[in-house]
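K.L.:
Turn this into a structure:
(one chain, ligands or ions: 1)
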Amino acid sequence: MRKKVTIVGAGNVGSMAGLRIFEKELADVVIIDVVKGLAEGKALDIKESAPAEGYNVDIKGYTKDYAASEGSDIVIVTAGVTRKPGMSRDDLLSTNIGIIEEVIKNVSRFSPDSILIMISNPLDAMCHLAYEVSGFPRGRVIGMAGALDSMRLCAFVAEELGISVENVNAMVLGGHGDSMVPLPRYTTVCGIPIIQLMNQKRIGALIQRTRDAGAEIVSLLKTGSAYYAPSAAAVEMVEAILKDKKKIMPCSVLLNGEYGIDGVFLGVPVKLGQKGAEDIIEVDLNKEEIDALHNSAEAVRKLIDKMRELRENRS
Ligand code: TXD
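P.N.:
The predicted model follows:
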C-alpha cells in the first residue's frame with residue numbers, strides 16, 4: 001500500500017512540499033487549508049502535471065476536512081502566518097498558538113499513529129505545543145529547522161569555496177531563531193572541517209549570513225517568507241522517515257537531559273527512520289559551543305513560558 005502524507009496549510013511551504021513529495025512519488029498527498037478552495041485548487045493543478053512526467057501518486061486538497069487525512073503516516077504542519085519585514089519569528093507566537101492547537105487536535109484524532117513534522121513558526125515553541133496537544137511520544141513530534149539552516153550554510157560554503165554542494169556537510173544546532181548555533185568545527189568539505197579551509201573572518205561572515213538567511217529572503221520578497229529551501233528540507237526529512245533511512249539530520253526534538261537540557265524542544269542531530277526521531281546523537285561540544293546551545297535553550301524556554309501564559313489567559 002502507498003504511504004500517505006497530509007500537509008496542513010496550502011500556502012507557499014505546504015504546496016511546494018506537496019509538489020516535491022508528488023514528484024518524488026514518496027506518498028499519496030492530502031493538503032488541507034482553512035481558506036475555501038485553496039488546497040483543492042493547488043492540489044488539482046499539481047495533479048494535472050502528472051501526465052507530462054508520469055507521476056503515479058495521488059494528491060488532493062480539502063477545506064478544513066480532516067477526515068480526509070485519516071491514517072496518515074506523516075503530517076506536515078505549515079499552517080499559520082508568516083513574518084513581515086522587520087518581524088522576528090517570535091512575533092508570530094500569539095496568532096499561531098490558536099491555529100496550531102486546532103490543527104493538532106484534528107490531525108492527532110484522525111492519524112493517532114502519525115509522525116508530526118512541524119514547520120510553523122516560532123518553530124521550537126510550536127513543536128512543544130504540538131507535543132502537549134497531541135500527547136504523542138517525543139519521537140513522533142519533530143521540528144524542521146536545523147535541516148534548513150544547515151542546508152543554507154552548506155550552500156554558502158559551497159559558493160564561497162567554488163565547490164559542489166554535494167561535498168559539504170554542515171551542522172547548525174539550537175533553536176530556529178537568532179540564537180541558532182552553527183558549528184564550524186563540524187561543518188566539513190569531504191570530511192575536512194572548514195576551519196582548515198577558510199579564515200575566521202570568512203567563516204564568521206558565512207555564519208552570520210546563515211543566522212540572517214530567513215530575514216534576508218523576507219526582506220527581498222517583501223510579502224511572505226522562504227519556501228523553496230524550507231520545503232526541500234522538510235521533504236528530505238519525509239523521505240528519510242518513509243524510506244527508514246536512519247539518516248542523521250539536525251531536527252528540533254524534545255530534550256530529556258541530552259546536552260544537559262531538559263524539557264525543551266531544540267535542534268540537535270537526530271536519527272530519522274520509520275519510527276520518527278529514533279535517536280539523538282550527542283556530539284562532543286567545547287565550552288563555547290555548549291554555552292551557545294544552553295543560551296539557545298533558554299531563549300526557547302522563555303518563549304514556552306510566554307506561550308503557557310497566553311494559553312492560560314485565553315482559557
Ligand atoms: O524553517 C522553518 N521551520 C520555516 C518556518 C521556514 C519557512 C516558513 N516557516 C513558517 O512556516 C512560517 O513562518 C509560517 O509560520 C509557516 C508557513 O509558511 P508559508 O510561507 O507556507 O506561509 P503561507 O504561504 O502564508 O501559508 C500558510 C497557510 C495559508 O494558506 C493559510 O490559509 C493556512 O496556512 N492556514 C491554515 N490552514 C489550516 N488551518 C488553519 N487554522 C489555518 N490557518 C492558516
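
K.L.:
Give me the pLDDT value at the residue of the stretch 201-315 of the chain found nearest the ligand.
P.N.:
Per Cβ to the nearest ligand atom, residue 230 is where the stretch 201-315 of the chain lies closest to the ligand, at 3.6 Å. Backbone N, C-alpha and C define where each C-beta goes, glycine included. At residue 230, the model reports a pLDDT of 98.

K.L.:
Show me what from the stretch 51-200 of the chain comes close to the ligand.
P.N.:
78-80, 82-83, 92, 96, 99, 102-103, 119-121, 123, 144-145, 148, 176 (Cβ under 6 Å from any ligand atom).

K.L.:
please redo it, this time with the cut-off set to 8 Å
P.N.:
64, 78-83, 89, 92, 96, 98-99, 102-103, 118-121, 123, 126, 143-145, 148-149, 176 (Cβ under 8 Å from any ligand atom).

K.L.:
At which residues are the strands of this structure located?
P.N.:
4-8, 28-33, 59-63, 74-77, 115-118, 141-143, 168-169, 172-173, 181-182, 188-189, 192-193, 247-256, 262-273, 276-280 (DSSP state E).

K.L.:
JSON lines please, covering those strands and showing mean neighbour count and mean pLDDT.
P.N.:
Listed next are the strands of the chain as JSON lines, based on neighbours: other Cβ atoms under 10 Å; pLDDT from 0 to 100:
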{"stretch": "strand 4-8", "mean neighbour count": "29", "mean pLDDT": "98"}
{"stretch": "strand 28-33", "mean neighbour count": "25", "mean pLDDT": "98"}
{"stretch": "strand 59-63", "mean neighbour count": "21", "mean pLDDT": "98"}
{"stretch": "strand 74-77", "mean neighbour count": "28", "mean pLDDT": "98"}
{"stretch": "strand 115-118", "mean neighbour count": "27", "mean pLDDT": "98"}
{"stretch": "strand 141-143", "mean neighbour count": "29", "mean pLDDT": "98"}
{"stretch": "strand 168-169", "mean neighbour count": "20", "mean pLDDT": "98"}
{"stretch": "strand 172-173", "mean neighbour count": "26", "mean pLDDT": "97"}
{"stretch": "strand 181-182", "mean neighbour count": "26", "mean pLDDT": "95"}
{"stretch": "strand 188-189", "mean neighbour count": "20", "mean pLDDT": "97"}
{"stretch": "strand 192-193", "mean neighbour count": "12", "mean pLDDT": "96"}
{"stretch": "strand 247-256", "mean neighbour count": "22", "mean pLDDT": "98"}
{"stretch": "strand 262-273", "mean neighbour count": "23", "mean pLDDT": "98"}
{"stretch": "strand 276-280", "mean neighbour count": "19", "mean pLDDT": "98"}
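
K.L.:
how about those in CSV, adding distance to residue 108?
P.N.:
What follows is the strands of the chain, written out as CSV (distance: least, Cβ to Cβ, whole Å):
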stretch, distance to residue 108
strand 4-8, 11
strand 28-33, 14
strand 59-63, 17
strand 74-77, 8
strand 115-118, 8
strand 141-143, 10
strand 168-169, 34
strand 172-173, 28
strand 181-182, 31
strand 188-189, 38
strand 192-193, 42
strand 247-256, 16
strand 262-273, 17
strand 276-280, 14
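
K.L.:
Pass me the low-pLDDT residue ranges in the chain, would you?
P.N.:
For the chain, no stretch has pLDDT under 70.

K.L.:
switch the cut-off to 90
P.N.:
Along the chain, the parts satisfying pLDDT under 90 run over 1, 53, 81-95, 176-179, 223-224, 311-315.

K.L.:
any idea which residue sits dead centre in it?
P.N.:
Nearest to the mean C-alpha position of the chain, by Cα atoms, centre = their mean, lies residue 144 at 1.5 Å.

K.L.:
residue contacts, that one?
P.N.:
Residue 144 sits next to 117-119, 123, 230, 233-234, 237, 251-252 when contact means Cβ atoms under 8 Å, 6 or more residues apart in numbering.

K.L.:
let's see 10 Å
P.N.:
By Cβ atoms under 10 Å, 6 or more residues apart in numbering, the contact set of residue 144 is 13, 17, 76-78, 117-120, 123, 127, 176, 230-231, 233-238, 249-252, 267.
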